[in-house]
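Peer 1: Sequence first, then the predicted structure, then my questions.
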Amino acid sequence: MKKTTRIHLATCLVTAVLTVAIYWPTLDYDFVFDDAQNIQNNALIKIDSLSWSNLKAAGFESFSYRRPVANWSFALNHLAHGLQRPGYRIVNIAIHIVNGWLAYWFVFQLLIVNRQSRKAGKSQSSTPGRRHAAWLAAATTIVWIVHPLHVNAVTYIVQRMVSMTAMFMLASLCLYMYGRREDSIGRRKIAWATALICWLLALGTKEIAITLPALIFLVEWFFFRSLSANYLVRNLKFWLIPAAIAGAIALIYLKMNPIEHFKAAYEVRDFTMSERMMTQFRVVIFYFTLIILPSPGRLTLEHHIITSTSLITPITTLLSVLAVIGVLALAIYLAKKHRLLAFCILWYFINLAVESSIIAIEMAYEHRLYLPMLLVILLIIVLLDRLRPPLIVGGAVTAIVATLLIFSTVQRNKVWETTFTLWQDCVLKAPNKARPRYNLGNAYFEEGMKLRLEGADGTSQFRNAIKRFKETLRIQKDYEDAMCNLGVSHAELNEHDQSIAAFTQCISYYPENVKATIGIAAELRDQADKAQGPERSELFETAYEHLQRALKLAPYHSTANDHIAYIYTKRGDNQAAIDAWRKSISRAPKADRLANLGLLLAKEGEYLEAIEMLKRAQAIDPDYQPTYAFLDYLCSSYARQVEPGTTRAEVYRLSLMAQKNIFRLNPKNAAAAEKIDALLELIDAETIHGQGE
């Protein structure tokens, strides 16, 4: 076996072992943040078969509908093991391992073609041979694979979107370079066709892959065409084709109206387009410092980046602009004699170009460095290699650096263990940023709700949630969701006045906030239930007015229709209540809504439809006890309306099923046990009566 082959195999083995060792302990960590809307609460990825209709809905109708390939991967995970977290993270770990192998192949090929291009140029500069290139590629890959910045793309499940995009982009680059160096025309065509497929898959995973044609063009021009100006002039028209395709895809993403798209996107941001662009010069410098010094204390999900409002506010904006321009100028200057170094610099900026541009997204996230970081590491290693260290020294330095990075990555991973540890870390590292405090408050709120559903006391969780929401509002007084959830938290503690005050504050900033409007109505309704006389009627009427306002904004809002159906029922207007329940169910057919509709239909004599609604409620939640109580009530009335004999026996059997479930849910219910015996006798009697007929 050749020595180079041994290095290849050893690198693949080491990267796989290190990745598994670092990330395996994270398998059962919580779903966090955007995992909720993309996985946990995304009904569309919860498929039960691989039918086209399921795949179409999961891929193109999910929250991240522009990223169907990522959505399909989540859907396949769910098909295999539901919402069991380890399965999702095993896939993320596997992708990271594959990326390590692809990164090694790409860097190795890059070093080889750089060596060959330098020889063609008859340069006297020293370039690595195959074995030395393999060692440099191995060092680059190992440092890259264990870097703590990758935690946000591996441990954070939803950011598979980034690592999978990188996987397809690296595969495409490797295949292009393989095909470019392959003498066989047939193999070259296969390699390039596969590279094209990988690019399309990358685009379907995340939009950042739109930069791939620019990267391939630079690989071709730098390393296969020796920066030939003649080649550029003669063949530019061919490179315009993928550029045009990329442009067309960008327009499709922007719904063919980029100006309106950007305008709408910036309406929900607290910075302008020009402010974002100025800030991004500081961000790309900040990113570079994270690559060089990734200590756990500097890493967080939520970086608090101060917005640049002018080139001198803060002054680091101007310094960063000059630094970026200087580095790009350096890359141009180095390109002819040190093209690998120049390419590494351009690689960093091109891979950040989409997310550090005018697009109105968050200022900074660590997962955005997943691919840009690769050749920054190579650049540093190549520069250090020019000091001519002995192989054993270079290996020792790599091992020491990798060990330090592994320690940092392991420490960083611990932060992601639970929702609480994650957001507590974010609050600690971004104390003046509102969203981490809001998300920590939301974590306490959800834990309180979970405890309430389990029959436990969630008071302390709601108190902690209220504290965090108030802290959020001190930082950002118009934080819409914080005001709403503050109101809901007070409501859970039966603090009606504080709840209404929080909802009212929200409406003062956002008059069309449906959740806050419904929140006020719900609190008034609860107060009305406890009141007497004219005060009771007045509170119900005020709650009704708020609900009417909410329904004008969202006519089919399920919660609003739930509350107004309750008020109609209190008024004795069953038909209006039935209409409201139908609207509620049309959007969200939950067991309690179907059961309440069934009860009202039974009271109105619509027994068959009532039975259908109650059976649907049972199918959705077999443990919702009111369903069976309402069904028993229905059967008691319905049995008197039908003919004696077989038909009445069937009604009693339905009542028997209801009573058996009531007893199943509460085995101490003596009344249910007695009624079961009575119903068995009635069924026998009616069956005999029917046979006699």
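Peer 2: In hand now; what should we look at? Numbering: from 1, shown residues only.

Peer 1: which of the residues in stretch 155-172 are buried?
Peer 2: Neighbour counts over stretch 155-172 (16 or more other Cβ atoms under 10 Å) mark 155-172 as buried. C-beta: built from backbone N, CA, C; applies to glycine.

Peer 1: mind listing which of these are in strands?
Peer 2: Per DSSP state E, strands hold no members of the buried residues of stretch 155-172.

Peer 1: in the longest helix seen in the chain, what counts as buried?
Peer 2: Taking DSSP state H as the criterion, the chain has its longest helix at helix 85-120. By 16+ other Cβ under 10 Å, the buried positions in helix 85-120 come out as 85, 87-93, 95-115, 117-118.

Peer 1: That helix packs against which elements?
Peer 2: Using 3 or more Cβ pairs under 8 Å, 6 or more residues apart in numbering; DSSP states H and E as the contact test, the elements touching helix 85-120 are helix 3-23, helix 68-81, helix 130-145, helix 151-154, helix 160-181, helix 339-352, helix 372-385.

Peer 1: and of the ones you listed, who's closest to Phe223?
Peer 2: Nearest to Phe223, of all these, is helix 339-352, at 7.1 Å by Cβ to Cβ.

Peer 1: got the contact list for that closest one?
Peer 2: Residues from elsewhere that reach helix 339-352, judged by Cβ atoms under 8 Å, 6 or more residues apart in numbering: 110-111, 114, 117, 208, 211, 214-215, 218-219, 222-223, 227, 284, 287-288, 324, 327-328, 330-332, 334-335, 368, 371-376, 378-379, 382-383.

Peer 1: how's the protein carved up into domains?
Peer 2: Following automatic domain parsing, the chain resolves into domains at 3-31+83-413, 433-508, 512-588, 609-693.

Peer 1: Reformat the ones you listed as JSON lines; add distance to Glu61 and mean pLDDT.
Peer 2: Below are the domains of the chain laid out as JSON lines (distance: least, Cβ to Cβ, whole Å; pLDDT from 0 to 100):
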{"stretch": "domain 3-31+83-413", "distance to Glu61": "14", "mean pLDDT": "92"}
{"stretch": "domain 433-508", "distance to Glu61": "24", "mean pLDDT": "95"}
{"stretch": "domain 512-588", "distance to Glu61": "16", "mean pLDDT": "92"}
{"stretch": "domain 609-693", "distance to Glu61": "22", "mean pLDDT": "89"}
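
Peer 1: Count residues in the vicinity of Thr419, would you?
Peer 2: As a burial measure, Thr419 scores 22 neighbours (other Cβ atoms under 10 Å).

Peer 1: One more: Gly129?
Peer 2: By other Cβ under 10 Å, the residues close to Gly129 number 12.

Peer 1: For the residue lying closest to it once chain neighbours are set aside, give its distance to Phe630.
Peer 2: Excluding the flanking residues, the one nearest Gly129 by Cβ to Cβ, 6 or more residues apart in numbering is Arg115, at 7.3 Å. Using Cβ to Cβ, to the nearest Å, Arg115 is found at 79 Å from Phe630.

Peer 1: do Glu362 as well
Peer 2: 48 Å.

Peer 1: Helices of the stretch 301-450 of the chain, start to end?
Peer 2: 316-334, 339-352, 372-385, 391-415, 419-429, 434-453 (DSSP state H, counting those that start in this stretch).

Peer 1: on contacts alone, who are the packing partners of the shortest one?
Peer 2: Put plainly, it is helix 419-429. Helices and strands touching helix 419-429, by 3+ Cβ pairs under 8 Å, 6+ apart, are helix 391-415, helix 434-453.

Peer 1: Of all the helices and strands packed on helix 85-120, which one is nearest Leu682?
Peer 2: helix 68-81 (45.7 Å).

Peer 1: list the helices and strands that closest one packs on?
Peer 2: The contact analysis (3+ Cβ pairs under 8 Å, 6+ apart) places helix 68-81 against helix 52-60, helix 85-120, helix 160-181.

Peer 1: buried set for that helix?
Peer 2: Quick answer for helix 68-81 (16+ other Cβ under 10 Å): 68-79.

Peer 1: follow-up on the earlier one: go through the helices and strands packed on helix 85-120 and pick out the most buried.
Peer 2: Among those, helix 151-154 has the highest mean neighbour count (mean count of other Cβ atoms under 10 Å), at a mean of 26.

Peer 1: so how far is Thr289 from the residue nearest in space to the middle of the chain?
Peer 2: The residue lying closest to the centre of the chain (Cα atoms, centre = their mean) is Asp34, at 3.1 Å. Distance, Asp34 to Thr289, by Cβ to Cβ: 26 Å.

Peer 1: And for Ile585?
Peer 2: Distance of Ile585 to Thr289, given as Cβ to Cβ: 54 Å.

Peer 1: Neighbour count: these two, which is higher?
Peer 2: Ile585 (21 against 10).

Peer 1: can I assume the more buried one is in contact with Asn596?
Peer 2: No - look at Ile585 against Asn596 with Cβ atoms under 8 Å: they stay out of range, at 9.5 Å.

Peer 1: Nearest residue to Cys660 in space, please, no chain neighbours.
Peer 2: One thing to correct before we go on: residue 660 is Lys, not Cys. Nearest residue to Lys660, sequence neighbours excluded (Cβ to Cβ, 6+ apart): Ile676, at 6.3 Å.

Peer 1: How far does whatever helix or strand that neighbour lives in sit from its chain's centre?
Peer 2: Element membership for Ile676 (DSSP states H and E) is helix 670-692. Using Cα atoms, centre = their mean, to the nearest Å, the distance from the centre of helix 670-692 to the centre of the chain it belongs to is 54 Å.

Peer 1: swap in stretch 327-347?
Peer 2: Stretch 327-347 has its C-alpha centroid displaced from the chain centroid by 36 Å (Cα atoms, centre = their mean).

Peer 1: Between the two ends of that stretch, what distance do you get?
Peer 2: Distance between the two ends of stretch 327-347: 12 Å, counting by Cα to Cα, to the nearest Å.

Peer 1: Please shift the residue numbers so they start at 437 in all later answers.
Peer 2: Sure thing, new numbering starts at 437, so read that last one as stretch 763-783.

Peer 1: returning to what we had before: can I get the helices of the stretch 737-886 of the chain in JSON lines including distance to Thr978?
Peer 2: Shown next, in JSON lines, are these (distance: least, Cβ to Cβ, whole Å):
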{"stretch": "helix 752-770", "distance to Thr978": "52"}
{"stretch": "helix 775-788", "distance to Thr978": "54"}
{"stretch": "helix 808-821", "distance to Thr978": "56"}
{"stretch": "helix 827-851", "distance to Thr978": "46"}
{"stretch": "helix 855-865", "distance to Thr978": "37"}
{"stretch": "helix 870-889", "distance to Thr978": "26"}
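
Peer 1: Quick check: which of the ones you listed is nearest to Ile681?
Peer 2: So among the helices of the stretch 737-886 of the chain, helix 775-788 is nearest, using Cβ to Cβ, at 16.9 Å.

Peer 1: can you give me the offset of the closest one from its chain's centre?
Peer 2: The chain centre lies 29 Å from the centre of helix 775-788; the measure is Cα atoms, centre = their mean.

Peer 1: got it, and stretch 582-591?
Peer 2: Taking Cα atoms, centre = their mean, one finds stretch 582-591 lying 16 Å from the centre of the chain it belongs to.

Peer 1: Which residues does it contact?
Peer 2: Outside stretch 582-591, the residues that touch it by Cβ under 8 Å, 6+ apart are 454-455, 458-459, 462, 465, 525, 528-529, 532, 595-596, 598-599, 726-727, 730, 732, 735, 737, 801-803, 805-806, 809, 813, 838, 841-842, 844-845, 847-849, 852.

Peer 1: Mind doing that once more with 7 Å?
Peer 2: For stretch 582-591, contacts defined as Cβ atoms under 7 Å, 6 or more residues apart in numbering pick out 454, 458-459, 462, 465, 528-529, 532, 595, 598-599, 726-727, 730, 732, 735, 737, 801-803, 805-806, 809, 838, 841-842, 844-845, 848-849, 852.

Peer 1: What of stretch 821-832?
Peer 2: Here stretch 821-832 makes contact (Cβ under 7 Å, 6+ apart) with 571-572, 575.

Peer 1: what's the distance between the residue nearest to Tyr874 when sequence neighbours are not counted and Ala835?
Peer 2: Of all residues not flanking Tyr874 in the chain, Thr908 sits nearest, at 4.4 Å (Cβ to Cβ, 6+ apart). The gap separating Thr908 from Ala835 is 45 Å, by Cβ to Cβ.

Peer 1: Lovely, talk soon.
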